[in-house]
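Student: the following block contains a protein sequence and its predicted model.
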Amino acid sequence: MQGVWTVDHVRSAEERVMAVVPAGTLMRRAAFGVATEVAGLLARHTGGVAGRRVALLVGAGNNGGDALWAGAFLRRRGVAVTAVLLAPNRAHPAGLAALRRAGGRTVTGAAAGAVVAAADLVVDGIVGLSARGPLRPDAAALVDRITAPVVAVDLPSGVDPDTGAVTGPAVRAAVTVTFGCRKPGHVLAAGATCSGVVRVVDIGLGPELGEPDLVLLEPAEVGAAWPVPGPDDDKYTQGVTGIAAGSAAFPGAAVLATGAAVHATSGMVRYAGQAADAVRARWPETVTTGAVADAGRVQAWVVGPGLGTGKAGTEALTHVLGAGVPVCVDADAITLLATNPGLWDAREPDTPVVLTPHDREFARLAGEVGPDRVAAATRAASQFDAVVLLKGHSTVVAAPDGRVLVDRAGSAWPATAGSGDVLTGLIGSLLAAGMDPWLAAGSACLVHGLAAELAARNAPIGASALLDAVPDAIRAVRAAAGASMAAGASMAAGASTAAGVGAAAGASMAAGASTAAGVSMAAGVGAAAGAGAVARWTPAAGDGSVSAG
Ligand SMILES: NC(=O)C1=CN([C@@H]2O[C@H](COP(=O)(O)OP(=O)(O)OC[C@H]3O[C@@H](n4cnc5c(N)ncnc54)[C@H](OP(=O)(O)O)[C@@H]3O)[C@@H](O)[C@H]2O)[C@@H](O)CC1
Ligand SMILES: [K+]
């Protein structure tokens with residue numbers, strides 16, 4: 001898992017490190033990382049570094065200081081650097097002096113617009129961790145004139161560092177170079193989009209950061225945890241998923257949710273409801289009945305998609321909540337709980353529940369989401385003693401014990417009718433397989449997003465295509481897991497062989513395995529994602545780290 005830390009925790013770590021390193025060290029490490037990234041981008045995308053024009057947008061604080069120092073480093077590579085000082089009297093003094101010593105220019109006021117318009121690349125050092133509210137008007141007017149790609153220092157200006165909320169004009173970066181760790185603004189809400197590709201520069205904060213506030217799941221760990229049959233398994237031991245979804249009016253939701261459960265694991269799937277004929281016709285491997293009461297034993301229920309909010313839906317929800325097995329509650333079942341909270345009383349105590357609302361469903365159930373999506377999901381998780389998966393371009397999954405993970409969809413392709421039904425079926429089958437509900441929700445979300453990208457290959461898709469791509473998405477995460485295990489084993493082999501030859505062999509195996517993983521993931525994911533608006537300016541493949549001098 002990758003960690004994400006809030007501003008308060010980053011500041012505490014920074015204070016502890018600053019106490020033991022000479023003044024200015026962290027800023028120069030940070031700025032060196034920015035300069036390295038900028039030089040790399042210029043070289044790859046304009047064919048050179050020397051003579052290229054870089055405009056620095058410099059605000060009143062240390063974020064501007066980072067930009068000024070980065071400008072000084074870039075001058076050593078022959079870059080024509082001009083700093084636009086938004087608060088000339090408060091620009092970071094040491095950074096400004098360093099830039100001037102290195103031959104960089106500064107401009108203020110009316111001259112700034114032309115500098116920005118003529119730049120090959122713009123460095124956004126307007127504001128970072130101290131950002132409050134939308135970009136101020138003078139900064140917003142300048143940002144409006146940018147046509148070149150932007151490298152944001154630490155955070156794109158205009159993005160709230162802790163919530164990712166964007167409430168006005170904001171910088172849209174091709175790359176964000178951040179320091180020590182990712183912050184919530186990089187992965188949540190509109191901030192995730194504004195950040196572009198996020199590069200994390202190691203400035204020495206790591207040991208002081210402590211436990212992360214949010215985590216991001218990696219494909220390899222989802223692949224490693226994904227349930228697959230072992231030699232002693234049969235259709236029952238892998239978990240039977242019950243699907244209480246669909247209605248005469250909406251049979252498609254039942255077909256999609258059931259299909260997802262069929263694809264996700266090799267366990268059995270039972271469907272119960274009014275769409276039994278449609279489900280049986282499409283998924284002959286399922287056992288179908290007309291009502292949940294007749295369905296037989298299951299290890300988890302999915303309830304809600306296309307269910308309707310009438311009597312039949314209410315009865316189905318009441319039954320599954322009292323069945324004593326984990327339940328994934330979606331769509332109409334959420335609306336039923338929102339309009340009739342008394343239905344919660346049917347829940348067998350301590351039964352795990354996963355709620356999967358989008359914003360409007362969330363509002364009905366627990367009040368408006370508001371700008372802080374993590375706070376909203378965490379509040380609801382505690383209120384309902386349930387895992388809450390709050391859908392969005394970045395999906396937040398909060399557990400009642402306080403764990404929070406974020407799934408940054410690599411693209412918007414999953415935003416299509418019926419896509420949620422597929423997600424619900426995936427979650428249900430992982431619950432039936434016995435996975436921790438929070439991890440089940442997060443893992444299903446990652447595979448769902450990946451399936452959408454694999455299916456889309458840069459053209460719009462429907463949910464059926466997404467569903468068809470689920471096996472390939474599972475293969476991709478399992479391949480990533482296999483590659484990372486192979487890399488680990490080779491590293492261990494290398495380490496245990498004291499002789500240099502053995503170590504070299506281990507390292508080269510590891511490199512091969514991780515390259516293979518990169519290639520296989522990139523083949524599907526990168527190909528789809530690479531066609532985005534910043535394709536020309538996306539950095540070369542790599543792990544995102546830049547070591548600072
Ligand atoms: N933490 C670390 O480990 C390290 C941190 N480092 C760096 O320090 C940065 C944090 O620096 P910081 O605290 O000096 O403030 P910063 O973000 O530059 O803001 C400056 C001023 O901007 C203003 N302002 C506020 N909102 C605004 C808006 N919406 N639109 C426009 N302006 C706005 C507001 O000024 P005001 O006018 O309100 O006085 C505010 O005081 C951090 O992001 C990283 O880059 C690295 O150097 C090394 C390691
Ligand atoms: K910034």
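Tutor: Cool, got the structure. This one's a predicted model, so the numbers in the text were calculated from it and none came from an experiment. Ligands and ions are numbered 1, 2, ... in the order given.
Student: please list the residues of the protein that sit near ligand 2.
Tutor: Residues of the chain found near ligand 2 (CB under 5 Å from the ion) are 63, 124, 128, 152-153, 157. The C-beta positions use only the backbone N, C-alpha and C, and glycine is treated the same way.
Student: hmm, try it at 8 Å
Tutor: Within reach of ligand 2 by CB under 8 Å from the ion, the chain has these residues: 59, 63, 67, 124-128, 131, 152-157, 171.
Student: check contacts around the residue in the chain that ligand 1 sits nearest to.
Tutor: Residue nearest to ligand 1 within the chain (CB to the nearest ligand atom): G128, separated by 2.0 Å. G128 sits next to 61-63, 66, 153-155, 157, 161 when contact means CB atoms under 8 Å, 6 or more residues apart in numbering.
Student: contacts only, for the closest residue to G64 other than its chain neighbours.
Tutor: Spatial nearest neighbour of G64, chain neighbours left out: V58 (3.8 Å); criterion: CB to CB, 6 or more residues apart in numbering. When contacts are counted by CB under 8 Å, 6+ apart, V58 touches 64, 67-68, 83-86, 91-92, 125-126.
Student: angles on the backbone of V58, please.
Tutor: V58 adopts backbone torsions of phi -120, psi 120, taken as degrees, to the nearest 10.
Student: and the pLDDT for it?
Tutor: Reading off the confidence values, V58 has pLDDT 98.
Student: do stretch 21-36 and ligand 1 meet?
Tutor: Yes. With CB under 6 Å from any ligand atom as the measure, stretch 21-36 is seen reaching ligand 1 through 26-27, 30.
Student: sorry, that was for stretch 94-108
Tutor: No. Judged by CB under 6 Å from any ligand atom, stretch 94-108 stays clear of ligand 1, getting no closer than 9.2 Å.
Student: please name the bridge partners of V123.
Tutor: L56, V151 (DSSP bridges).
Student: list the contacts of the closest residue to A386 other than its chain neighbours.
Tutor: Leaving out its chain neighbours, the residue that sits closest to A386 by CB to CB, 6+ apart is V353, at 4.0 Å. Applying CB under 8 Å, 6+ apart, we find V353 in contact with 321, 326-329, 347, 384-387, 437.
Student: list only buried entries from those residues.
Tutor: Among those, those classed as buried by 16 or more other CB atoms under 10 Å are 321, 326-329, 347, 384, 386-387, 437.
Student: may I see those arranged in TSV, with pLDDT and secondary structure as well?
Tutor: As requested, these are exported to TSV (pLDDT from 0 to 100; DSSP: H, G, I helix; E, B strand; the rest coil):
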residue	pLDDT	secondary structure
L321	98	helix
P326	98	coil
V327	98	strand
C328	98	strand
V329	98	strand
R347	97	coil
F384	98	helix
A386	98	coil
V387	98	strand
P437	98	helix
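Student: pull out the buried positions in stretch 46-63.
Tutor: Buried residues in stretch 46-63, counted by 16+ other CB under 10 Å: 49, 52-63.
Student: give me every residue in the stretch 1-150 of the chain lying close to ligand 1.
Tutor: With the criterion set to CB under 6 Å from any ligand atom, the stretch 1-150 of the chain comes near ligand 1 through 10-11, 14, 26-27, 30, 59-66, 126-136, 139.
Student: buried among these? Need that as a selection in ChimeraX.
Tutor: A single ChimeraX command is used to select the members of these judged buried by 16+ other CB under 10 Å:
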select :10,14,26,27,30,59,60,61,62,63,64,65,66,126,127,128,129,131,134,135,136,139
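Student: looking at the residues of the stretch 1-150 of the chain next to ligand 1, which are in helices?
Tutor: 10-11, 14, 26-27, 30, 62-66, 139 (DSSP state H).
Student: ok, these vs L336, which is closest?
Tutor: The shortest approach to L336 among those belongs to V10, at 41.9 Å (CB to CB).
Student: which residues touch the closest one?
Tutor: Per CB under 8 Å, 6+ apart, neighbours of V10: 129, 180-181, 183, 205, 209.
Student: and it, how close does it get to P22?
Tutor: Computed as CB to CB, to the nearest Å, the V10 to P22 distance reads 20 Å.
Student: so what pairs up with the residue nearest to the spatial centre of the chain in the strands?
Tutor: Centroid-nearest residue in the chain, with CA atoms, centre = their mean: R408, separated by 2.0 Å. For R408, the beta-bridge partners are S394 (DSSP bridges).
Student: touching, it and A192? I think so.
Tutor: Yes. Using CB atoms under 8 Å, R408 makes contact with A192 at a distance of 5.2 Å.
Student: common neighbours of these two, please.
Tutor: 393-394.
Student: quick one: contacts for the closest residue in space to R347 that isn't next to it in sequence?
Tutor: Closest residue to R347 apart from its sequence neighbours, by CB to CB, 6+ apart: L321 at 4.4 Å. Applying CB under 8 Å, 6+ apart, we find L321 in contact with 303, 327, 343-344, 346-348, 351, 353.
Student: if we use 10 Å, what do you get?
Tutor: 301, 303, 327, 329, 333, 337, 343-348, 351, 353 (CB atoms under 10 Å, 6 or more residues apart in numbering).
Student: now R52
Tutor: R52 makes contact with 38-39, 41-43, 45-46, 74, 77-81, 119-121 under the criterion CB under 10 Å, 6+ apart.
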